[in-house]
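Participant: Whatever this is, show me its structure:
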Amino acid sequence: MAMFIRVDVDAGVVKKTAGLAKKLIEICPVKIFGPGADADSVEVVEDNVDECTLCDLCTKASPDGVKVVKLYEE
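Facilitator: Purely as a prediction, here's the structure:
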């Protein structure tokens with residue numbers, strides 16, 4: 001489990017937005033997203049979450065579908 005951040009994905013938003021799953025997998029520089037079990041879905045690769053650089057590429061790609069929660073600010 002990550003110590004510094006948590007990445008929340010709204011699976012419904014990702015599924016209904018064509019190409020979003022593929023885009024999230026491709027744009028993350030530290031491979032936080034991997035292919036999900038279903039088509040048009042992603043899974044968070046927990047081992048990579050603490051490598052997040054907070055670049056916001058995923059949240060810009062899907063402001064309603066991806067949230068990066070900074071655990072140290074909660």
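
Participant: Now do the helices in this protein.
Facilitator: In the chain, the helices defined using DSSP state H lie at 11-16, 20-27, 57-61.

Participant: just how off-centre is the second one within its chain?
Facilitator: Meaning helix 20-27. Computed by CA atoms, centre = their mean, to the nearest Å, the chain-centroid distance of helix 20-27 equals 9 Å.

Participant: and that helix, what does it pack onto?
Facilitator: helix 11-16, strand 33-35, strand 42-44, helix 57-61 (3 or more CB pairs under 8 Å, 6 or more residues apart in numbering; DSSP states H and E). All C-beta spots, glycine's among them, are computed from the backbone N, C-alpha and C.

Participant: Contacts for it, please.
Facilitator: Contacts to helix 20-27, defined as CB atoms under 8 Å, 6 or more residues apart in numbering, come from residues 13-15, 33-36, 40-42, 57-58, 61-62, 65-66.

Participant: How about the contacts made by C52?
Facilitator: F4, I5, V7, V30, I32, V68.

Participant: What subset of those residues is buried?
Facilitator: Neighbour counting with 16 or more other CB atoms under 10 Å marks I5, V7, I32, V68 as buried within these.

Participant: surely the second one meets D50?
Facilitator: What it means is V7. No. V7 sits out of contact with D50 when judged by CB atoms under 8 Å, with a separation of 10.4 Å.

Participant: For K16, grab the count of nearby residues.
Facilitator: K16 has 11 neighbours, counted by other CB atoms under 10 Å.

Participant: rewinding a little: how about the contacts of helix 20-27, which pair is most distant?
Facilitator: The most widely separated members of the contacts of helix 20-27 are K15 and L57, with 19.9 Å between them, by CB to CB.

Participant: quick one: Y72 and M3, what's the gap?
Facilitator: Per CB to CB, to the nearest Å, Y72 is found 9 Å from M3.
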